[in-house]
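Visitor: Just need the structure, nothing else, for what follows:
(chains A, B and C)
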Amino acid sequence: MQSAISIQNLSKHYADNQALKSINCEIQPGELFGFIGPDGAGKTSLFRILTSLLLPDQGQAKVLGFDVVSDYKAIREQVGYMPGRFSLYQDLTVEENLKFFAGVFKSNLAENYYLIEDIYQQILPFKHRRAGKLSGGMKQKLALSCALIHKPQVLLLDEPSTGVDAVSRKELWEMLHKLKMEGITILVSTPYMDEAAKCDRVALMQKGKILSIDTPTNIIKAFPHTLGAVKSPLMNPLLQVLKQSKLIHSAYLFGENIHVVCKLGIDFVQLEQELISKGVVEWQYQIINAGIEDCFMELMNK
Amino acid sequence: MEIAISVKNMVKKFGDFVANDHLNFEVYQGEIFGFLGANGAGKTTAIKILCGISSPSSGELMVAGYNIYKNRDKVKKSIGYMSQKFSLYDDLSIAENIEFYGGIYGLSRQIIKQKTAEYIHELALESYEKMRVIDLPLGIKQKLAFSVAVIHQPKIVFLDEPTSGVDPITRRQFWEMIYREAANGTTVFVTTHYMDEAEYCNRVSIMVDGRIEALGTPSELKNQYSASSMEEVFIHLARKATRID
Amino acid sequence: MKDFIIKEFKQIFRDYRSMIILFGIPIAQVMLFGFALTLDLNDAHFAVLDQAKDEHSRKIIEKMDASSYFILDRNLNSREEIQKVFEGGVVREVLVFKPGFSENLDKTASTELQIITDASDPNTANMMLNYTQAIISNYEQSLLLAHGKQVLIIPETQFKYNENLKSVFMFVPGVITIILMLVSAMMTSISIAREKEMGTMEVLLVSPIKPIEIVIGKVMPYLLLSFVNFLLILGLAFTVFKMPMDGNMLLLMAEALLYILMALSLGILISTVSNSQQTAMLLSMFALLLPTILLSGFIFPIENMPSILIYLSHIMPSKWFIIIIKDVMLKGAGLKEVWFPTSIILFQTVLFISLSIKKFKIRLQ
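Guide: Here you go, the predicted structure:
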């Protein structure tokens, strides 16, 4: 089967900043694929190259078999793109925005309405409101509707969940799963590590490089250490003690716990003894499965 | 315990729209207070009022021991502020930014010099010293912005989504900086969309539709809503929102 | 494309600041120039070289002095003093009565009166002249009534400093030229820059819409609005300021459309090099508006400028457009007479359009 998106040795730099360093990646048709990494990882540059908005310095990228440089016109007819910042006309109403973008994509509202119906229903009560006056979650829904209006075969969403509250984020992922059912290939970038679990496959990115590409389950399986979640009523002093301990490979705050990895050959029983010797009494630990964020930090430190 | 912020029946209206509907809460000195809420719940409005940038429609407010109506200038001298969107001047160097903010708060030349050296050492900025802020990696920029926000040793520092988009390791280093600052007695008032960060706070409030729906320590809130994480608590509460802006 | 134009109109009408620029400023400017023109004359100082010193000359001087428009500043004794008194800057007009003023009037019923005006401010000069002539003809009337005698005092007018006095009607062509440049170039460049700033350009570029469609979509609404603006100023000129119209109205409109198109394509060209609204605004201000005002001959006569500026003025479309309007409106010129400036603007329009389509970026940088 031909890949929906094929990226080979792709590099891009701006002035003295290397945004992408020889990226390789294949994405299958119908996949919900996540590019996960902090700001500066190169996610936006990659998306702009894939949508033919930027020219790569080196390497090749194909979207639906079309080259991003020479076949840019064909690509522009086939992809839906939602840039990172809110990019609709703030002074037009919800409905006007949608109609305008339908026109720009030579489509009409009725033709593909079924595709956006679920999403658009939620903003329908505000269709006469100007887009600039919508809340973050609503804006996101409108932008998604506009990106979908021409029934693209590939949908690229650049950080759709950034700055959006947890509820809207949850709804967004529910919508993406429904769109996947329609057979649309979806590429999403996000700085939120926990969203990796919602993708079929993910690429973990950092400073222009891909650290790992796999299904979220396989990435977690590949975590090489035993991970302990440590808890204490006095978290910060405990963290300081752990960080200074020679037995510790890594210790990071993680919600209500501290995630601890011991050095090779050390187990938690030995750690317990050391902590007791240092006068830390009130603590408990539990061996847990790693999450994507644990894996990401482990890969970052490599 | 000493009270750093006291808010009683604070209301802020824009025409018919009630952005803050009778807010009541207290924040203690040296506490890390998480101020959570859905988009459009009224967080930003409340922070602007607490920082003295905006006036409430009604209510009693004490910030850093001063009445916000009568002593706005004193309040401003006792607080620091940092947000994800605006923190440092992109086209100035690290030292120039520190000098500028130190100057605003009336620090002497000598102290500014000393602080600059201190920050560059603490944050390991030696290799970035001559760079303009725009060329710094985001994580370093945010850590520096935080240091600058507390350069005048304020009683309270307000952090508006300080870690948005920052990598997971730097995010944790940032929180360790917050812990250190709080250990020195500074009150930290912070907003975030990362629910794991809500767990790092001493106490958390959650705003929905202009009202504070829940307030307590993370474990209290999790018990109260029989949830396993702060994310569940948040989604449980914010789902009830009826307002869209 | 239709959707694009509709969207553009909606955005224009929703931005009240643009609307103020669009319609408020032209009206304000026309009115400002208009009122500066009509209200200015108040106690203008004049001097007299009375070589006749007889009945009629004295009476005319008295009448002038008695009017609220003029104040007799001094009497001169010789022609040499005229130059000096103008250099002083206070006296703006000198009346010269030649010897035998009354004698000629009584005997031949006709005499000459020399009126010399400081025309460095052409509007005021013209006004002083008009008022002086009105006072003189008033005097003629009074003689007719008192003695039943028809006399004719022939004014012999002369302008100091600015001999070929720019017409009062200079300001209408000038305002039209500047406003059309301002509205067309500045507003289009800003509106494209705004799309870049807001990130909407990113989405447009990714869509199948062609650059030419974006350009036309941006140009059309402003073409129409600028034309309405042109008609508005013209209407004001006719009704409030009684501007004459000797030429063909259709020709004038066609020329205006051409000029607007030129300004719009210039605006698009500016937007291709500016990424923010602020840059677009400053570029239009400094690269377009100031040269338009300074080098079009609207306020500062080009003839008196250093030769380098004169050469520069030749490439200013505004200079040629002012010539066209003046010739068509005041001299009744047809296309035959204005073909040269017209072809210059036409050439520039084609140049700017092709440049801006060529420079319009299909990608981000």
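
Visitor: Roughly how far does the residue in the stretch 251-365 of chain C positioned nearest to chain A sit from chain B?
Guide: Of the stretch 251-365 of chain C, the residue with the smallest distance to chain A, taken as C-beta to the nearest C-beta, is C:Leu364 at 4.7 Å. Quick note: C-beta positions are derived from backbone N, CA and C, even for glycine. Noted for C:Leu364: a distance of 18 Å to chain B, by C-beta to the nearest C-beta, to the nearest Å.

Visitor: Could you do C:Leu252 as well?
Guide: 49 Å.

Visitor: Kindly report the same for C:Glu337.
Guide: 55 Å.

Visitor: Which helix or which strand is home to that residue?
Guide: Using DSSP states H and E, C:Glu337 maps to helix C:335-359.

Visitor: For chain B, which residues score under the pLDDT cut-off?
Guide: The model of chain B has pLDDT under 70 over residues B:85-86, B:242-245.

Visitor: how many other residues sit next to the residue lying closest to C:Ala263 once chain neighbours are set aside?
Guide: Nearest non-adjacent residue to C:Ala263, counting by C-beta to C-beta, 6 or more residues apart in numbering or on different chains: C:Ser184, 3.6 Å away. Here the number of neighbours of C:Ser184 (other C-beta atoms under 10 Å in any protein chain shown) works out to 28.

Visitor: looking at it, C:Ser184 is touching C:Leu264, isn't it?
Guide: Yes: using C-beta atoms under 8 Å, C:Ser184 is in contact with C:Leu264, at 4.8 Å.

Visitor: okay, and the common contacts of those two?
Guide: Common neighbours of C:Ser184 and C:Leu264 (criterion: C-beta atoms under 8 Å, 6 or more residues apart in numbering or on different chains): C:Tyr222, C:Leu223, C:Ser226.

Visitor: Columns pLDDT, secondary structure and neighbour count on top of those residues, output as a markdown table?
Guide: Shown next, in a markdown table, are these (pLDDT from 0 to 100; DSSP: H, G, I helix; E, B strand; the rest coil; neighbours: other C-beta atoms under 10 Å in any protein chain shown):
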| residue | pLDDT | secondary structure | neighbour count |
| --- | --- | --- | --- |
| C:Tyr222 | 89 | helix | 26 |
| C:Leu223 | 90 | helix | 18 |
| C:Ser226 | 90 | helix | 28 |
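
Visitor: Helix, strand, or coil at the residue in chain B positioned nearest to chain C?
Guide: Chain B approaches chain C most closely through B:Asp90 (14.2 Å), counting by C-beta to the nearest C-beta. Following DSSP: H, G, I helix; E, B strand; the rest coil, the label given to B:Asp90 is coil.

Visitor: how deep is the nearest residue to it once chain neighbours are set aside tucked in, by neighbour count?
Guide: Among residues not flanking B:Asp90 along the chain, B:Ile134 sits closest, at 3.9 Å (C-beta to C-beta, 6+ apart). Around B:Ile134 there are 11 other residues, counting by other C-beta under 10 Å.

Visitor: Confirm for me that B:Ile134 is in contact with B:Leu92.
Guide: No: with contact defined as C-beta under 8 Å, B:Ile134 does not count as touching B:Leu92 (9.2 Å).

Visitor: Please enumerate the helices of chain A.
Guide: Taking DSSP state H as the criterion, chain A contains helices spanning A:43-50, A:72-78, A:94-104, A:113-123, A:136-148, A:166-181, A:216-221, A:235-244, A:268-277, A:292-300.

Visitor: next one: the shortest one to chain centre, how far?
Guide: Read it as helix A:216-221. 16 Å (C-alpha atoms, centre = their mean, to the nearest Å).

Visitor: Please save the CA atoms from that helix in PDB.
Guide: Output of helix A:216-221 as PDB, limited to C-alpha atoms (Å, rounded to 0.1, in the frame of the first residue of the first chain):
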ATOM      1  CA  PRO A 216       2.100   4.400  22.000                       C
ATOM      2  CA  THR A 217       2.000   0.800  23.500                       C
ATOM      3  CA  ASN A 218       5.300  -0.200  21.900                       C
ATOM      4  CA  ILE A 219       6.900   3.000  22.900                       C
ATOM      5  CA  ILE A 220       5.900   2.300  26.500                       C
ATOM      6  CA  LYS A 221       7.000  -1.300  26.200                       C
END
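
Visitor: what helices or strands is it leaning on?
Guide: strand A:201-206, helix A:292-300 (3 or more C-beta pairs under 8 Å, 6 or more residues apart in numbering or on different chains; DSSP states H and E).

Visitor: who wins for proximity to chain B among those?
Guide: helix A:292-300 (5.3 Å).

Visitor: Let me know whether that closest one sits next to chain B.
Guide: Yes: Helix A:292-300 lies within reach of chain B by C-beta under 8 Å from any C-beta of the partner chain, at A:Glu293, A:Phe296, A:Met297, A:Met300.

Visitor: Next, format those as JSON lines and append neighbour count.
Guide: Formatted as JSON lines, the residues of helix A:292-300 next to chain B follow (neighbours: other C-beta atoms under 10 Å in any protein chain shown):
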{"residue": "A:Glu293", "neighbour count": "21"}
{"residue": "A:Phe296", "neighbour count": "26"}
{"residue": "A:Met297", "neighbour count": "22"}
{"residue": "A:Met300", "neighbour count": "17"}
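
Visitor: and the stretch 251-365 of chain C, which of its residues are near chain A?
Guide: Counting by C-beta under 8 Å from any C-beta, the residues of the stretch 251-365 of chain C near chain A are C:Ile362, C:Arg363, C:Leu364.

Visitor: Now the buried members of the residues you listed.
Guide: For those, a burial check counting by 16 or more other C-beta atoms under 10 Å in any protein chain shown picks out C:Leu364.

Visitor: out of the residues of the stretch 251-365 of chain C next to chain A, which are inside strands?
Guide: Nothing among these maps onto strands, per DSSP state E.

Visitor: okay, the residues of the stretch 251-365 of chain C next to chain A in a markdown table with distance to B:Ala19 next?
Guide: A markdown table is the format used below for those (distance: C-beta to C-beta, whole Å):
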| residue | distance to B:Ala19 |
| --- | --- |
| C:Ile362 | 43 |
| C:Arg363 | 42 |
| C:Leu364 | 37 |
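
Visitor: Contact residues of chain B facing chain A?
Guide: B:37-40, B:135, B:137-139, B:161, B:164-170, B:172, B:175-176, B:179, B:183, B:193-196, B:199-200, B:218-219, B:229-231, B:234-235, B:238-239, B:241, B:244-245.

Visitor: I'd like the distance between the residue nearest to A:Arg169 when sequence neighbours are not counted and chain C.
Guide: Nearest residue to A:Arg169 in three dimensions, chain neighbours excluded: A:Ser161, at 4.5 Å (C-beta to C-beta, 6+ apart). A:Ser161 is 17 Å from chain C, where distance means C-beta to the nearest C-beta.

Visitor: and A:Val69, what does it touch?
Guide: Counting by C-beta under 8 Å, 6+ apart, A:Val69 makes contact with A:Ser52, A:Leu55, A:Pro56.

Visitor: Now do the end-to-end distance for stretch A:221-241.
Guide: Start to finish, the residues bounding stretch A:221-241 are 29 Å apart (C-alpha to C-alpha, to the nearest Å).

Visitor: picking that back up, ok, the residues of helix A:292-300 next to chain B vs chain C, which is closest?
Guide: Nearest to chain C among the residues of helix A:292-300 next to chain B: A:Phe296, at 28.0 Å, using C-beta to the nearest C-beta.

Visitor: any idea of the pLDDT on the closest one?
Guide: Note on A:Phe296: pLDDT of 93.
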